[in-house]
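Q: Coordinates for the following, if possible.
(one chain, ligands or ions: 1)
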Amino acid sequence: MTTAKLLFDNQEYDFPVFEGSEGEKAIDFTKLRAQTGAVAYDPGYGNTGSCKSSITFIDGEEGVLHYRGYPIEQLADQSNFVEVCYLLINGELPTQDELADFQHRLTYHTLIHEDMKKFFEGYPPSAHPMAIMAAMAVSLSAYYPDLEDPEGIDLNIIRLLAKFKTIAAFAYKKSIGQPFIYPRNDLSYTADFLHMMFAVPAEDYQVSDVLTRALDLLLILHAEHEQNCSTSTVRMVGSSRANLFASIGAGVTALWGPLHGGANQEVINMLQMIKDDGGDHRKYMDMAKDKNSPFRLMGFGHRVYKNFDPRARILKQAADDVLNELGVTDPLLDIARNLEEIALNDSYFVERKLYPNVDFYSGIIYRAMGLPTNMFTVMFALGRLPGWIAQWKEMRNDPETRINRPRQIYTGATERDYQPLAQR
Ligand code: CMC
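A: The predicted structure is shown next:
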């Protein structure tokens, strides 16, 4: 099949059909409006392929997730976050030399300009760290010029990856009123982040291997997820040729929402609410099903996965393992397990194919690691950064990229005459 036929207004139109490398079929409607005068109506873009991409493959029906062809289970088990960053951004796994060079560059660009530290002082201690992250990401463009050549773009990518974790840790220190801890060049990416988060000048802080491994796993699982809300935002902003830092800053704000990356914070708030209310899960399940109630089971459901989210499967096991290794017991984990069990056997959730998503168990692990709830979405942003960067770079280099500019179906008032104020 190479064309699809559309019968519209008694006239037949042919549209080209093409297939992705995993057999996904697409009808090319690029000329739809030019040929028929009509536009495709698809609110939320659930059926719209906005680009061709060779970064991530998801089969939502089968619960499959690949980064550059590699199954997420293998990467979670055998790789580390820095290697996954390289893979996503450059398309191939690095050789030993390439990885050593990448790691070295990531280490030596971790400092932010000293003047940027003053920005943190301006925020109230109650500021949500996502507000600071978004502002700081965009502000990097004020200190590091927009470079257009491939080497310059590559340098800014390294700067962003290296400095983002410093900014995240500084945002946390600001929120608890502690002095900033500067990056250390002898530590790995994840260990350095933990050190900047949890070290205090008066004490000797040893970065725990358990925490480093847990963080690596979480960041790998969040690293990329094709055209989700924040990634599409990064591409959309970047399609106007906005610079890398500005585009990523927009991605951070898109991620913040509770239906997207903000859900991990909301899951913990929800579990805590259920616990404080006596642990009656069924009451909350009924509320989630009640169409008159705005309550949703946070951490459940996904636009693409209509089967288990493979990341949630890995994280459920990791939550057990990490809590055991750290010797932490968390009553919220029991509530989460009970909710999951009830939901997986409830016809409302079964019929709508609503399963736990990546955010359902991640918050439990972050809590066990000692992170406050309002840092959870920052952790998601830190993980998603290489995915955003890879998508931004792919968009920049794609000759088919046009400024993103959807159409609409106007439903407002038809033309009418203005009436001066005195006559209204
Ligand atoms: N609790 C109760 N009902 C739900 C839920 C939920 N969490 N999610 C979806 N539904 C119902 C929804 O009411 C609708 O029912 P009906 O067909 O009777 O109208 C049906 O399931 C389909 O839902 P939808 O809202 O049309 O689905 P969507 O694809 O537009 O939304 C979603 C996907 C993730 C926004 C949604 O499932 C949701 O709000 N989940 C809770 C928030 C959450 O966990 N977000 C994190 C997503 S994964 C991390 C990431 O962003 O990458």
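
Q: Flag every buried residue along the longest strand seen in the chain.
A: If you go by DSSP state E, the chain has its longest strand at strand 11-19. Using 16 or more other Cβ atoms under 10 Å as the burial criterion, the residues of strand 11-19 that qualify are Tyr13, Phe15. All C-beta atoms are positioned from the backbone trio N, CA, C, and that covers glycine.

Q: gap between that strand and the chain center?
A: When distances are taken as Cα atoms, centre = their mean, to the nearest Å, strand 11-19 is centred 34 Å away from the chain's centroid.

Q: ok, now stretch 35-51?
A: Chain-centre distance of stretch 35-51: 24 Å, with Cα atoms, centre = their mean.

Q: and what of stretch 218-235?
A: From the chain centre to the centre of stretch 218-235 is a distance of 4 Å (Cα atoms, centre = their mean).

Q: do stretch 49-67 as well
A: For stretch 49-67, the distance to the chain centre is 15 Å (Cα atoms, centre = their mean).

Q: quick one: contacts of that stretch?
A: The contact list for stretch 49-67 (Cβ atoms under 8 Å, 6 or more residues apart in numbering) reads 20-22, 26, 68-69, 71-72, 75, 84, 87-88, 91, 223-227, 232, 235, 302, 304-311, 313, 387, 390-391, 394-395, 398, 400-401, 404.

Q: follow-up on the earlier one: mind checking the pLDDT average for the longest strand of the chain?
A: Here strand 11-19 scores 97 as its mean pLDDT.

Q: Now do the end-to-end distance for stretch 18-27.
A: With Cα to Cα, to the nearest Å applied, stretch 18-27 spans 7 Å between its terminal residues.

Q: In that stretch, which residues are buried?
A: Those would be Ile27, for stretch 18-27 by 16+ other Cβ under 10 Å.

Q: same deal with stretch 98-107?
A: Phe102, Gln103, Arg105, Leu106, Thr107.

Q: Now that stretch - C-alpha only, PDB.
A: C-alpha atoms of stretch 98-107 as PDB (Å, rounded to 0.1, in the frame of the first residue of the first chain):
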ATOM      1  CA  GLU A  98      34.600   8.300  23.300                       C
ATOM      2  CA  LEU A  99      32.900   7.600  26.600                       C
ATOM      3  CA  ALA A 100      36.100   8.700  28.500                       C
ATOM      4  CA  ASP A 101      36.200  11.900  26.500                       C
ATOM      5  CA  PHE A 102      32.500  12.600  27.000                       C
ATOM      6  CA  GLN A 103      32.700  12.000  30.700                       C
ATOM      7  CA  HIS A 104      35.800  14.300  30.900                       C
ATOM      8  CA  ARG A 105      34.000  17.100  29.100                       C
ATOM      9  CA  LEU A 106      30.900  16.700  31.300                       C
ATOM     10  CA  THR A 107      33.100  16.900  34.400                       C
END
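
Q: Run the chain-centre distance for it.
A: The mean C-alpha position of stretch 98-107 is separated from the chain mean by 24 Å, Cα atoms, centre = their mean.

Q: Likewise for stretch 216-226?
A: 8 Å.

Q: For it, give me every contacting residue.
A: Contacts of stretch 216-226 (Cβ under 8 Å, 6+ apart): 53, 55-58, 65, 67, 72, 75-76, 79-81, 84-85, 88, 190, 231, 311, 314-315, 318, 358, 362, 365-366, 379-380, 382-384, 386-387, 390-391.

Q: One more: stretch 300-312?
A: With Cβ under 8 Å, 6+ apart, stretch 300-312 has contacts from 44, 46, 58, 60-65, 72-73, 221-222, 228, 288, 343, 349, 352-358, 360-361.

Q: Using PDB, list the CA coordinates for that stretch.
A: Extracted C-alpha coordinates of stretch 300-312, given in PDB (Å, rounded to 0.1, in the frame of the first residue of the first chain):
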ATOM      1  CA  PHE A 300      -2.000   5.800  36.500                       C
ATOM      2  CA  GLY A 301      -2.800   5.900  32.800                       C
ATOM      3  CA  HIS A 302      -0.800   7.000  29.800                       C
ATOM      4  CA  ARG A 303      -1.500   8.400  26.300                       C
ATOM      5  CA  VAL A 304       0.600   5.800  24.600                       C
ATOM      6  CA  TYR A 305       0.900   2.800  26.900                       C
ATOM      7  CA  LYS A 306      -2.300   0.700  26.800                       C
ATOM      8  CA  ASN A 307      -0.400  -2.100  28.500                       C
ATOM      9  CA  PHE A 308       2.100  -2.000  31.400                       C
ATOM     10  CA  ASP A 309       4.600   1.000  31.100                       C
ATOM     11  CA  PRO A 310       7.800  -1.000  31.000                       C
ATOM     12  CA  ARG A 311       9.500   1.700  33.200                       C
ATOM     13  CA  ALA A 312       6.900   1.200  35.900                       C
END
